[in-house]
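Asks: A predicted structure for the sequence below; I have some questions about it.
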Amino acid sequence: MAGIIFSKSSGVNDSVFGKSQEPIKAIINEQIEAFQNKSLIDKIYTMETSTNFAEKYTMETSIGDFVPVGENGAYPDNGWQEGFSKVIEPEEWKNRFTVTQAMVEDNKISRIKSKSAQFTTSYGRTREKFGAALLAAGTGTKMTFGNRVFDVACADGTAMFNASHPSATKKNKYVQSNLFKAAFSTDVMDQVQERMQDFCDDDGNLLSVMPDTIIIPNDAALKRAVFAAVGSDLDPDSNNNAINFQIGLWNILVWNYLPKKLGGESYFFMMDSQFMKDYICMPWVDRVKLSVRSYIDENTDANVFAGRARFGAGFNNWRGISLCGAGFSSGTELT
């Protein structure tokens, strides 16, 4: 998201707005950088740039194991195949604001700065809202955002968070779950961690997923419970002196753009941040970074700043992240 493409028509330089162009450009750049520093998008999604109309992401089955062949034995005939695939097409996003001649003539610098800051805040906020909405909609295959419908299925055609993910090679004979039904507790956190560590590829080979990140909404009670579970030296759920082996293992991300409840109950995501990047599990595709065009509106004589960008995101590989909450009737129940 860093940096913008800024262009202006030649007529702007010859008008009353000429001297305001560079300060406005500086404000927009500064605000974008400030918003990016607070953004959680690049900590959850895998950031990709693209020069194409759309990008295709695939999952591949693993190569078979090494086998003992004895002295001078022949190489085994192992192979792999392309698994499920996902195509992500960046969407076009637009917004604009205006600076009137009167604002410049009357030296209303604070109002001009405010409009510029609001414009770039709108851009950053839209990206955060879209990313959070996508994640929260992961129990389904469609999402409506800004009156447009987005495909939020993962590469296997099911919901990203699903109790019955099929195998590309074994079809429905081998299914796995990354959607769990239970309220948060230390014991439930342990169970979700264990389930993720047991995730396998389509052929049943262990993937060694190592979750290290918990993502939660800005819910006071949930924050208290999660930080107690991962930050206490001793077992927070009992009066004994058992060592809490979870201490120091987790990065907690509180994303206030997420809804506070899903299915009417609290919830949390558990994620392996390295696996997510290595396997491009949730790609965020920036096709055109924010491009701001400045021109004079002939009807009003105002200086218009029109912003345009192309970006999109979606779900590819479900194995790097799980969702757990008490409100998911279709989730794998934990006790």
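Replies: Alright, I've got the coordinates.
Asks: what stretches of the stretch 201-335 of the chain score poorly on pLDDT?
Replies: Low-confidence segments of the stretch 201-335 of the chain, defined by pLDDT under 70, are located at 232-248.
Asks: quick one: the helices in it?
Replies: Taking DSSP state H, counting those that start in this stretch as the criterion, the stretch 201-335 of the chain contains helices spanning 220-231, 273-278.
Asks: Let me know which of those helices is the nearest to residue 153.
Replies: Each of the helices of the stretch 201-335 of the chain was checked against residue 153 via Cβ to Cβ, and the shortest separation belongs to helix 273-278, namely 17.7 Å. All C-beta atoms are positioned from the backbone trio N, CA, C, and that covers glycine.
Asks: Can you give the distance of the closest one from its chain's centre?
Replies: From the chain centre to the centre of helix 273-278 is a distance of 12 Å (Cα atoms, centre = their mean, to the nearest Å).
Asks: Check this protein and tell me which residue is nearest its centre.
Replies: By Cα atoms, centre = their mean, the chain has its centre lying nearest to residue 45, at 3.8 Å.
Asks: For residue 102, see how far away it is.
Replies: According to Cβ to Cβ, to the nearest Å, residue 45 and residue 102 sit 42 Å apart.
Asks: what does residue 328 give?
Replies: As judged by Cβ to Cβ, residue 328 and residue 102 stand 55 Å apart.
Asks: Just give the closest residue to residue 282, not the sequence neighbours.
Replies: Spatially, and ignoring its direct neighbours in sequence, residue 282 is nearest to residue 45 (4.9 Å; Cβ to Cβ, 6 or more residues apart in numbering).
Asks: picking up where we left off before, reformat the helices of the stretch 201-335 of the chain into TSV and put distance to residue 22 next to each item.
Replies: Compiled in TSV, those are given as follows (distance: least, Cβ to Cβ, whole Å):
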stretch	distance to residue 22
helix 220-231	43
helix 273-278	38
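Asks: got those as JSON lines, with distance to residue 9 and mean neighbour count columns?
Replies: Shown next, in JSON lines, are the helices of the stretch 201-335 of the chain (distance: least, Cβ to Cβ, whole Å; neighbours: other Cβ atoms under 10 Å):
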{"stretch": "helix 220-231", "distance to residue 9": "49", "mean neighbour count": "16"}
{"stretch": "helix 273-278", "distance to residue 9": "41", "mean neighbour count": "17"}
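Asks: out of those helices, nearest to residue 201?
Replies: When those are ranked by proximity to residue 201, the top entry is helix 273-278, at 11.8 Å, counting by Cβ to Cβ.
Asks: List the buried residues of the helix of greatest length in the chain.
Replies: For the chain, the helix that runs over the most residues, judged by DSSP state H, is helix 109-136. In terms of neighbour count (16 or more other Cβ atoms under 10 Å), helix 109-136 has its buried residues at 112, 115-117, 119-120, 123-124, 126-128, 130-136.
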